[in-house]
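Visitor: Pasting the sequence and the predicted coordinates here, then a few questions.
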Amino acid sequence: MERARGLDVREGDPMNTPPGFLHIPISALERRLYELPEQGKTLEVCGDPPDWMFERWKITRIAPSTLKKPPVERVLPLWTLSPALTTLLSTTSSLIGETCIDIGAGCGRDAVDLALLGGTVTAVERLQSLCERIKELAARYDVTIDILQGNLRTTLSEDLRRRGFKANIVLLSRFPYTREIYTFVGTLVNPGGYLVLSQYHTSTSDKPSSPKMTHCISEELIFDLLHKGPCQGCKTSGVSGKCLRRRNCGLGPRFSILKIAYSETHDGLLILTAILHADPSDTQ
C-alpha cells in the first residue's frame, strides 16, 4: 500500500509541501503523533524538526529546494501499515467494495487504511475523544468512515444484534475482552468473511525463544479468545500449525484458521495476528 515518502514540518501553506510528503507543521506535531511511523524508523523531514524527534526516529533532513514543486495530489499516510492489515493483505487480493468493521478503532489508522484500500468501513470506538479523532483523520485523508460510539460490554453489542449488523471483514486488535465478547464479534462476520485478530504480548516470558515455540503461544491465545473450555483432541503445547488447521482446535465448524503471523515492535513486544475464515456455507 502506498505511503508518504516523508514529513514536512514547516509552518505555512500545505500547498508548498513537496510531492509525496505529509504536511504536519511543528505546532501540530505533538497532537498528531498517531499519524507518524513507528519509533526507530528512518524518517525524511523537510524543515527544522524539534530535538525530541531525533530521540525517537532516525531523522534525515531534506532540503525543500531539491524537490519538485508539488502537483495537486491526495494526502498519503506516513504511519506504518499495521501487522493486522499487512497479514490480511497477504491472504486476500483486494479489499475494494468489501464491508469492514474495525472494533476498538482507537485513533482510526486501520480504519483509514481499510477505506484507502477500497473498503466500506465502520469504526467502533468507546471513547468520544477517539471518535472525534477518527472523524478528523478521515477528513484529512479524504475517506468516508461511519463511526459508532459505544461499549461492547454493555449496550452496543445488543444494539448491533438488533440491527443485524455484519461485515465481510471484522478487525479486532489488542482487546483484553472476555471469551463471550470474542464469540459475539465472530457473529458479525458474514459467511466467507474474515475475522482478523491482533494481540500484543507484553510479558517477555510470552515471547518465544525459538521459532519452534511460536505455535504454543498462538494456540494459547486462540484458545483463550475464541472457544469455551479446553481444546478437544489437542494438547496445549507441542502442537503443530498443521494440527491447528486440521482439528480446528475447538473453534467450531464456522471458523478455520487461515493464517497466523508474528511481528515485533521497535521496543521488542511481540504481536500475533490470526486470520480466521468463516465457512461460506454457514449462514448462522
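Guide: Nice, thanks for sending it over.
Visitor: Now do the domain split for the protein, please.
Guide: 6-66, 83-278 (automatic domain parsing).
Visitor: Now distance to residue 74 and mean neighbour count too, for those domains, in CSV please.
Guide: Quick note: C-beta positions are derived from backbone N, CA and C, even for glycine. Putting the domains of the chain into CSV (distance: least, C-beta to C-beta, whole Å; neighbours: other C-beta atoms under 10 Å) gives the following:
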stretch, distance to residue 74, mean neighbour count
domain 6-66, 11, 15
domain 83-278, 6, 17
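Visitor: Any idea which of the ones you listed gets closest to residue 76?
Guide: domain 6-66 (6.7 Å; C-beta to C-beta).
Visitor: picking up where we left off before, compare the domains of the chain and give me the one nearest residue 75.
Guide: Using C-beta to C-beta, these put domain 83-278 closest to residue 75, at 5.6 Å.
Visitor: next helix or strand past the worst-scoring helix or strand of the chain on mean pLDDT?
Guide: Least confident element among the helices and strands of the chain, by mean pLDDT, DSSP states H and E: helix 241-247 (a mean of 37). Per DSSP states H and E, helix 241-247 leads on to strand 255-264 as the next helix or strand towards the C-terminus.
Visitor: Would you list the strands that that following strand pairs with, along with their directions?
Guide: Strand pairing for strand 255-264, using DSSP bridges, gives strand 270-278 (antiparallel).
Visitor: For residue 212, give me the pLDDT.
Guide: Residue 212 carries a pLDDT value of 43.
Visitor: just residue 258 next, same as before
Guide: Looking at residue 258, the pLDDT reads 85.
Visitor: Against residue 96, how distant is it?
Guide: Taking C-beta to C-beta, to the nearest Å as the measure, residue 258 falls 20 Å from residue 96.
Visitor: Low-confidence stretches in this structure?
Guide: Applying pLDDT under 70 to the chain flags residues 65-73, 174-182, 200-253, 283-284.
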